[in-house]
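A.B. asks: model this:
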Amino acid sequence: VQLQAFGGGLVQPGGSLRLACAVSVGDFDSYAVGWFRQSPGKEREGVSCISSSGISTYYADSVKGRFTIPRDNAKNTVDLQMNSVKPEDTAVYYCSAFNTYTGIHYWGKGTQVTVSS
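C.D. replies: Numbers count the residues shown, from 1 in each chain. Below you'll find the model as predicted:
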């Protein structure tokens, strides 16, 4: 299983950015997928996740109402749509896939998001 996250960059406060996570696996619909982030000096935190079916989602309180996590099982992708971004959203963002049958967690390399004017 390989994951690739891309779409990071520099964005102004109040702006929007869309991250994408591409998952190379045959049975993508067996995987829940989540986005995590880590900023310097802080622990990695969960931002959002979506169930394998796409029916259930979770958002951290800090991003609720601003971020969404669209999933496309036909394309093996899970995005993170970030709206009304704040400087405190600055972090390296990682996507992770969790196989709901084996319990194995897979991680991709992160992508840097910087919110600054």
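A.B. asks: Under a three-state scheme, what state does the residue nearest to the spatial centre of the chain occupy?
C.D. replies: Among the residues of the chain, the one closest to the centroid is residue 35, at 2.7 Å (CA atoms, centre = their mean). Classification of residue 35 using DSSP: H, G, I helix; E, B strand; the rest coil returns strand.
A.B. asks: That one contacts residue 19, correct?
C.D. replies: Yes: using CB atoms under 8 Å, residue 35 is in contact with residue 19, at 7.1 Å. From N, CA and C alone the C-beta is placed, and that goes for glycine too.
A.B. asks: Can you pull the poorly scored residue ranges out of the chain?
C.D. replies: For the chain, applying pLDDT under 70 flags no range at all.
A.B. asks: shared neighbours of residue 35 and residue 19, anything?
C.D. replies: Listed contacts common to residue 35 and residue 19 are 80, 93, 95; contacts here mean CB atoms under 8 Å, 6 or more residues apart in numbering.
A.B. asks: give me the beta-bridge partners of the first one?
C.D. replies: Following DSSP bridges, residue 80 is listed with bridge partners residue 19.
A.B. asks: For it, which residues are in contact?
C.D. replies: 18-21, 35, 47-48, 67-69, 93, 95.
A.B. asks: In CSV, please show the C-alpha coordinates belonging to stretch 42-57.
C.D. replies: Below are the C-alpha coordinates for stretch 42-57, written out as CSV (Å, rounded to 0.1, in the frame of the first residue of the first chain):
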residue,chain,number,x,y,z
LYS,A,42,3.7,19.6,18.9
GLU,A,43,2.5,16.1,18.7
ARG,A,44,0.8,14.7,15.6
GLU,A,45,-2.9,15.3,15.8
GLY,A,46,-5.9,13.9,13.9
VAL,A,47,-7.6,16.4,11.7
SER,A,48,-10.3,14.4,9.9
CYS,A,49,-11.1,10.9,8.8
ILE,A,50,-13.6,9.1,6.6
SER,A,51,-14.9,5.6,6.8
SER,A,52,-14.2,3.0,4.1
SER,A,53,-17.7,3.5,2.8
GLY,A,54,-17.5,7.2,2.9
ILE,A,55,-20.7,7.4,5.1
SER,A,56,-19.0,8.4,8.4
THR,A,57,-16.7,11.3,8.9
